[in-house]
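K.L.:
Model the structure of this input:
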Amino acid sequence: QVQLVESGGGLVQAGGSLRLSCAASGRTFSMGWFRQAPGKEREFVAGITWSSGSTYYGDSTKGRFTISRDNAKNTMYLQMASLKPEDTAVYYCAASLRILRGVSAYVNGMDYWGKGTLVTVSS
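P.N.:
The predicted structure is shown next:
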């Protein structure tokens, strides 16, 4: 069982930046960020393969968000820039015991989920 703990959420003004962190308690092969806004379905934000560092992004965040990981700390990050009010959501960290390639694989392939951290972007 892998436990995931997110941190770094909060309130930020539009145009600002924020960095989310996700610490994993065990070994995983792929990790990702998802988000869910009120009244909307969960959306894939970004994913990263632990060994190779290959990254994948959802269309709505590509170019503004950057996913990275620190192998030594077993921690994944999401650097968010140029934030918009529509980025407001609960952001979830997720992990897979498989090496995932491609957005579709991340959307359907997660084995563990964190409890989420709220990001609110004010206009």
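K.L.:
who's in contact with the most centrally placed residue in the chain?
P.N.:
The centroid of the chain falls nearest to Trp33 when counting by C-alpha atoms, centre = their mean (2.0 Å). Residues counted as contacts of Trp33 (C-beta atoms under 8 Å, 6 or more residues apart in numbering) are 20, 22, 45-47, 65, 67, 76, 78, 91-94. For every residue, glycine as well, the C-beta is placed using N, CA and C.
K.L.:
Turn those residues into a markdown table, columns for pLDDT and secondary structure.
P.N.:
Below are the contacts of Trp33 laid out as a markdown table (pLDDT from 0 to 100; DSSP: H, G, I helix; E, B strand; the rest coil):
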| residue | pLDDT | secondary structure |
| --- | --- | --- |
| Leu20 | 98 | strand |
| Cys22 | 98 | strand |
| Val45 | 97 | strand |
| Ala46 | 97 | strand |
| Gly47 | 97 | strand |
| Phe65 | 97 | strand |
| Ile67 | 98 | strand |
| Met76 | 97 | strand |
| Leu78 | 98 | strand |
| Tyr91 | 98 | strand |
| Tyr92 | 98 | strand |
| Cys93 | 98 | strand |
| Ala94 | 98 | strand |
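K.L.:
could I get those as a markdown table with distance to Val121 and neighbour count?
P.N.:
Formatted as a markdown table, the contacts of Trp33 follow (distance: C-beta to C-beta, whole Å; neighbours: other C-beta atoms under 10 Å):
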| residue | distance to Val121 | neighbour count |
| --- | --- | --- |
| Leu20 | 13 | 23 |
| Cys22 | 19 | 25 |
| Val45 | 14 | 25 |
| Ala46 | 17 | 25 |
| Gly47 | 22 | 28 |
| Phe65 | 13 | 21 |
| Ile67 | 18 | 21 |
| Met76 | 21 | 28 |
| Leu78 | 14 | 25 |
| Tyr91 | 12 | 23 |
| Tyr92 | 17 | 21 |
| Cys93 | 19 | 27 |
| Ala94 | 22 | 23 |
